[in-house]
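Sequence below, structure please.
(chains A, B, C and D)
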Protein chains: 2
Amino acid sequence: MNDESDLGAVFAGISRVGNAIRRGRIEERAMQRSGIELDRPALSVLITLQTAGQPLRIGEIATRMQVVGPHVTRLLPDLEKRGLVKRVVDPDDQRARLIAVTDDGTRVVQRYLGTVVGWMRDALEGWSPEDRTMLLTLIQRFADDFAGRIARLDTED
Amino acid sequence: MNDESDLGAVFAGISRVGNAIRRGRIEERAMQRSGIELDRPALSVLITLQTAGQPLRIGEIATRMQVVGPHVTRLLPDLEKRGLVKRVVDPDDQRARLIAVTDDGTRVVQRYLGTVVGWMRDALEGWSPEDRTMLLTLIQRFADDFAGRIARLDTED
DNA sequence: TATTGTTATACTCTATAACTATA
DNA sequence: TATAGTTATAGAGTATAACAATA
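Predicted coordinates:
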């Protein structure tokens, strides 16, 4: 692959996948299938906490979600009311709160990810193990390299 | 790759790229670098027309962009005012309008895509030609298979 | 009566600004 | 004075509903 059109094709392919997820409302559908009645951003908070494997401060959740603090603050009351997270004052700093996912919250995340992974398995059904492994390897490498290039944009401005 | 965690990793990798594009505001930055002062959705209309290679009806633009008609309608006056598209009545159907990209509009799209492709080239700089080709092949195959699986969701509901 | 497009309105997600409490 | 979080407000993007014009 040496010319512009192939590079454009890689970008187009990635855009297609991105569009399929966004416009096809994959997340919303997976939530519906999993019986989850939450905003998508609220679920994202749960996934962030579950992935972290430990309670997080609100600012840390915002950083990991790549959004601003007030946005996370606004999502929490509903999650708390549903018993999916609990909020405790950080014993080390009275200004901060630690947000912990509850057992119910963990189950919600597991149902959601199970649904999505099932669809992924279906999509890759006809693939050889070698091709699957290659896809995983290249996707991760590309994610790293692309993120690296994008990070450099900040300093170029 | 046989287990859940690897399937989850593929999904996570794709999500990472998607997030890098969305949260890093790649499109906005590419527009800025290219001196394009448009809404991102408006540029998307231009790209859709340019990719089609022929004038399109408003409904057809909306379908290809995977949005509803009124949304496209609202974007057109500004594009027209800037001379990037022109709107002509469809000679075959007085109800419909055909939207054509102008030469200025074409140049805008080319500047934009040139910038993005440049970043792609940078990101893939250290890659061997074989790996680049493999990435392109697998991305396109995955885009097809994943889109196919998602399309089936509609009939499963 | 069905289709193409438009106008008006509303909703979701996220950002910025101003503020409070604690360090 | 700096930091963690909250409250209030605003903006971008897109959807739905009601309508007009033409087929």
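
From here on, just use CA atoms for contacts and neighbour counts.
Will do.

what does chain A have sitting close to DNA strand C?
A:39-41, A:66-71, A:92-95 (C-alpha under 7 Å from any atom of the strand).

ok, which stretches of chain A are helices?
A:4-23, A:26-33, A:40-52, A:58-65, A:69-81, A:103-123, A:129-156 (DSSP state H).

now those helices in CSV, with distance to residue B:144 and mean neighbour count?
Below are the helices of chain A laid out as CSV (distance: least, C-alpha to C-alpha, whole Å; neighbours: other C-alpha atoms under 10 Å in any protein chain shown):
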stretch, distance to residue B:144, mean neighbour count
helix A:4-23, 9, 18
helix A:26-33, 15, 17
helix A:40-52, 25, 18
helix A:58-65, 29, 18
helix A:69-81, 35, 15
helix A:103-123, 9, 18
helix A:129-156, 14, 16
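
Name the residue closest to the centre of chain A, please.
Against the mean C-alpha coordinate of chain A, by C-alpha atoms, centre = their mean, the closest residue is residue A:44 at 6.1 Å.

Now do the contacts for the closest residue in space to that residue that isn't next to it in sequence.
Using C-alpha to C-alpha, 6 or more residues apart in numbering or on different chains and skipping the chain neighbours, the partner closest in space to residue A:44 is residue A:65 (7.6 Å). Each residue near residue A:65 by C-alpha atoms under 8 Å, 6 or more residues apart in numbering or on different chains is listed here: A:44, A:45, A:48.

Relative to residue A:49, how far out is residue A:65?
From residue A:65 across to residue A:49, the span is 10 Å (C-alpha to C-alpha, to the nearest Å).

Could you list the low-pLDDT ranges of chain A?
Low-confidence segments of chain A, defined by pLDDT under 70: A:1-5, A:157.

So for residue B:61, which of the helices of chain A sits nearest?
helix A:4-23 (14.8 Å; C-alpha to C-alpha).

these two touch, right, residue A:101 and residue A:56?
No. Using C-alpha atoms under 8 Å, residue A:101 makes no contact with residue A:56, being 9.4 Å away.

Between these two, which is the more surrounded one?
Using other C-alpha atoms under 10 Å in any protein chain shown, the more surrounded residue of residue A:101 and residue A:56 is residue A:101, with 26 against 20.

give me every residue that touches that one.
Residue A:101 is in contact with A:46, A:49, A:50, A:55, A:84, A:85, A:86, counting by C-alpha under 8 Å, 6+ apart.

Roughly how far does residue A:31 sit from DNA strand D?
17 Å (C-alpha to the nearest atom of the strand, to the nearest Å).

again, but for residue A:89
Residue A:89 is 8 Å from DNA strand D, by C-alpha to the nearest atom of the strand.

Now that residue: closest residue in space, sequence neighbours ignored.
residue A:97 (4.4 Å).

so how many other residues sit close to that neighbour?
Neighbour number of residue A:97 under other C-alpha under 10 Å is 19.

residue contacts, it?
A:57, A:58, A:87, A:88, A:89, A:90.

Check residue A:78 too.
With contacts defined as C-alpha under 8 Å, 6+ apart, residue A:78 has no neighbours.

Also the one 5 residues further on?
With contact set as C-alpha under 8 Å, 6+ apart, residue A:83 has these partners: A:102, A:104, A:105.

what's the closest of the residues you listed to DNA strand C?
residue A:105 (18.1 Å; C-alpha to the nearest atom of the strand).
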